[in-house]
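> sequence and predicted structure below; questions after.
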Amino acid sequence: MNITIKLDGVDISAKRGRLLSDVLSLHGAETEMPCGRHGKCGKCRVIAHGMLSEPTANERMLLGEEAIGNGVRLACLTRAEGDCTVITQKRSESRVLIDGEMPELEIKPTFSGYGVAIDIGTTTLAARLFDEGGRRIADAVASNPQGVFGADVISRMESALKGNAEGISKVTVEACDSLIGMLSESAGISSKEIGGGVITGNTVMLHLLTRTDVEPLTHAPFEARRLFGEVLTASELGLCSLGAEVEIYLPSCIAAFIGADTTSAMLGSSLAQHERSEILCDIGTNGEMVFSDKGELFACSTAAGPAFEGAGIRMGMVGRVGAIDHVSIVDGRLCAHVIGEVKPTGICGSGVVDAVACLLELGIIDETGYLEGGEAEISDGVVLTQEDIRKVQLAKSAIHAGIRSLLISAKTDISKVDTLLIAGGFGSYLDTDNAIRIGLLPSELRGRIRSVGNAALTGASMLLLNGELRETAKNTVLKVQVRELSGDQVFADEYIERMMFE
Ligand code: FES
């Protein structure tokens, strides 16, 4: 039986007994759930009143009686037993990026009924439901629950090798099942009407999903046990929201650290199809980049560290409510914008880039990266430290040097590059002038930098809607010339040179 939940002032209908965390995800109200909805982190707080399940022992322990008395609850532990009111952050205040423009496409679906495309990102999962006619029916996003096993791919692989491989796979499959459940409910269909799917992600994500041994990925010469480009059934993957025989396509990875998400993003951004010279760059913990020189393809991956993902720096956070996302100089002083217009609790990647650019402009950081006073307040107690600046220097020089080395190895001058395409959420919110100011991106590319949104999900959707593209993508991957940067003298020289601010 359905009940009514007033969610941030809007009446919605839901099944009695549903977890509030499911309701929030289904309706796009982004709430942090870093422990993967296991009732352990205490972060998924909402204010809820009405007919709700009794507070659990974990809620009492994590929240305390006083907060519970004031209506604070943990969304992942609270069920809506009848009509109720829930207050949380609204979708507009979060910045999980799902959009990406789909290139023109002939619809030749690989499924009957409905099809689902999923991108397993290191921090976020994004999914999209289509019908046979290629119409986009619903979108859903969720945090990657692997976060409890480690913040980045390296620590998650270490955790897998210590005996958690089964557990990591299980939470990943469950997260995919939960996204499929949300999409189906949103579309008013049964998930059993979904006749096919595509799941993309980086090489490590696909290894962890499929319980493939990650050991060869953890040490030189960094080899993948499996490069995918294959179909598995839902039952082989362990997905129980779908019929057992439903086929799921996992696109080809290019190399150990250039994954199927890059393959999908190449497709989603039409990279290899242009008679142009373009670079596609996904700036994450690893900067993955592909250069298409009028169709001739070169790729590399560079370890940037998580500074631009809002991790690894003292007050870093992802781009959610409370994060400083933009900083400018007004009347000679720093002026910060905070997502959700609330008191800031941290700073996300785009904010870090702006803040460093502004501190350079004000002379508070010098060209060596020395930060006057060792600490700079950006706004309301949110600071960047000297150590943070050093991490930003390492990250920005890794990305910048990666781009230049890739072009040098392709024997192309940077002046010949038509466009730099930035994939993923970070690129969409990045102030490119400030990115150039701090030396993250080459100044020669000013005016030629464009964001392509979540191109990996766009590409996965295309592989779902036109089966012939799978062969095309596979052939494209075979043509990519992978450049190994570790041990490359050109890269090493560029890396040192780009460390300074100019
Ligand atoms: S998501 Fe961690 S307690 Fe709910």
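That came in fine, so what should we check first? Numbers count the residues shown, from 1 in each chain.

> make it CA atoms for all contacts and neighbour counts henceforth
Noted.

> mind checking the SS state of the closest residue to Ile339 other than its chain neighbours?
In space, Ile339 comes closest to Val321 once its chain neighbours are excluded; the distance is 4.8 Å by Cα to Cα, 6 or more residues apart in numbering. Three-state assignment for Val321 (DSSP: H, G, I helix; E, B strand; the rest coil): coil.

> for Val321, give me the pLDDT.
We have a pLDDT of 78 for Val321.

> pretty sure it contacts Val342?
Yes: with contact defined as Cα atoms under 8 Å, Val321 reaches Val342; the gap is 7.4 Å.

> so what's the residue lying closest to Gly243 once chain neighbours are set aside up against?
Leaving aside its sequence neighbours, Gly243 sits nearest to Lys192 (Cα to Cα, 6+ apart; 5.6 Å). For Lys192, the contact set (Cα atoms under 8 Å, 6 or more residues apart in numbering) comprises Ser241, Leu242, Gly243.

> tell me the phi and psi of the closest residue in space to Ile313 that isn't next to it in sequence?
In space, and not counting its chain neighbours, Ile313 is closest to Asp388: 5.2 Å by Cα to Cα, 6+ apart. With angles defined as degrees, to the nearest 10, Asp388 sits at phi -60, psi -40.

> could you measure from Asp388 over to the ligand?
27 Å (Cα to the nearest ligand atom, to the nearest Å).

> neighbours of that residue, how many?
Counted with other Cα atoms under 10 Å, the neighbours of Asp388 add up to 21.

> isn't it right next to Ala311, touching?
No: counting by Cα under 8 Å, Asp388 does not reach Ala311; the two are 10.2 Å apart.

> spell out which parts of this protein neighbour the ligand.
33-44, 74-76 (Cα under 6 Å from any ligand atom).

> which one (most neighbours) among the residues you listed?
That'd be Leu74 among the residues of the chain next to the ligand, by other Cα under 10 Å, with 30 neighbours.

> find the nearest non-adjacent residue to that residue, please.
The shortest distance from Leu74 to any non-neighbouring residue, by Cα to Cα, 6+ apart, is to Arg45 (4.7 Å).

> surely Ala14 is in a helix?
No: per three-state DSSP, Ala14 lies outside any helix segment and is strand.

> show me what it bridges to in the sheet.
Ile3 (DSSP bridges).

> ok, it to Ser379 distance?
40 Å (Cα to Cα, to the nearest Å).

> pull the number of nearby residues for the residue nearest to Ile339.
Neighbour tally, Val321, other Cα under 10 Å: 27.

> ok, it to the ligand distance?
Following Cα to the nearest ligand atom, the distance that separates Val321 from the ligand is 16 Å.

> how near is that residue to Gly346?
10 Å.

> same question, Gly17
Applying Cα to Cα, the value for Gly17 to Gly346 is 35 Å.

> between the two, who's got more neighbours?
Just comparing Gly17 and Gly346: by other Cα under 10 Å the higher neighbour count belongs to Gly346, 29 against 16.

> spatially nearest residue to Pro216, not counting backbone neighbours?
Take Pro216 and drop its neighbours on the chain: the residue closest to it by Cα to Cα, 6+ apart is Glu223, 5.3 Å away.

> where's the one you found, which helix or strand?
Applying DSSP states H and E as the criterion places Glu223 outside every helix and strand.

> just checking, it touches Ala256?
Yes: judged on Cα under 8 Å, Glu223 makes contact with Ala256 at a distance of 5.4 Å.

> now do the shared contacts for the two.
With contacts taken as Cα under 8 Å, 6+ apart, Glu223 and Ala256 have Leu217 as neighbours in common.

> neighbour count winner among these two?
Taking other Cα under 10 Å, Glu223 and Ala256 do not tie; Ala256 has more neighbours (21 against 16).

> how about Glu288, nearest residue that isn't a chain neighbour?
Nearest residue to Glu288, sequence neighbours excluded (Cα to Cα, 6+ apart): Ser301, at 4.4 Å.

> Asp177 versus that neighbour, what's the distance?
30 Å.

> who's more crowded, those two?
Ser301 (28 against 18).

> that one falls within a helix, correct?
No: read with three-state DSSP, Ser301 is strand and lies in no helix.

> the closest residue to the ligand within the stretch 401-502 of the chain - how many residues pack around it?
Using Cα to the nearest ligand atom, the single residue of the stretch 401-502 of the chain nearest to the ligand is Gly425, 22.0 Å away. Using other Cα under 10 Å, Gly425 has 25 neighbouring residues.

> correct me, but it touches Asn454?
Yes: assessed by Cα under 8 Å, Gly425 is found in contact with Asn454 at 6.8 Å.

> low-confidence stretches in the protein?
Where the chain drops to pLDDT under 70, the residues are 8-9, 27-30, 89-101.

> okay, now the domains of it?
Split into domains by automatic domain parsing, the chain comes to 2-91, 114-269+457-465, 273-451+467-502.

> winner for burial among these?
Comparing those by mean neighbour count (mean count of other Cα atoms under 10 Å), domain 114-269+457-465 ranks first with a mean of 22.

> just the helices from the stretch 151-300 of the chain, written as ranges.
Using DSSP state H, counting those that start in this stretch, the helices of the stretch 151-300 of the chain run over 153-159, 165-187, 203-209, 234-237, 260-268.

> JSON lines for the ones you listed, including distance to Val290?
Shown next, in JSON lines, are the helices of the stretch 151-300 of the chain (distance: least, Cα to Cα, whole Å):
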{"stretch": "helix 153-159", "distance to Val290": "20"}
{"stretch": "helix 165-187", "distance to Val290": "27"}
{"stretch": "helix 203-209", "distance to Val290": "16"}
{"stretch": "helix 234-237", "distance to Val290": "29"}
{"stretch": "helix 260-268", "distance to Val290": "8"}
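
> what's the residue nearest to Leu74 sitting at in phi/psi?
Given degrees, to the nearest 10, the pair of backbone angles that Arg45 has is phi -70, psi 140.

> dump the residue contacts of it.
By Cα under 8 Å, 6+ apart, the neighbours of Arg45 are Thr31, Val72, Arg73, Leu74, Ala75, Thr88.

> and which of those is nearest to Glu132?
Nearest to Glu132, judged by Cα to Cα, of those is Thr31 at 32.1 Å.

> can you classify the closest one by secondary structure?
Classified using three-state DSSP, Thr31 is coil.

> my read: it touches Cys44, true?
Yes: between Thr31 and Cys44 a contact is recorded at 5.9 Å, counting by Cα under 8 Å.

> can you pull out the helices in the stretch 1-150 of the chain?
Under DSSP H, counting those that start in this stretch, the stretch 1-150 of the chain gives helices at 20-26, 57-63, 65-69.
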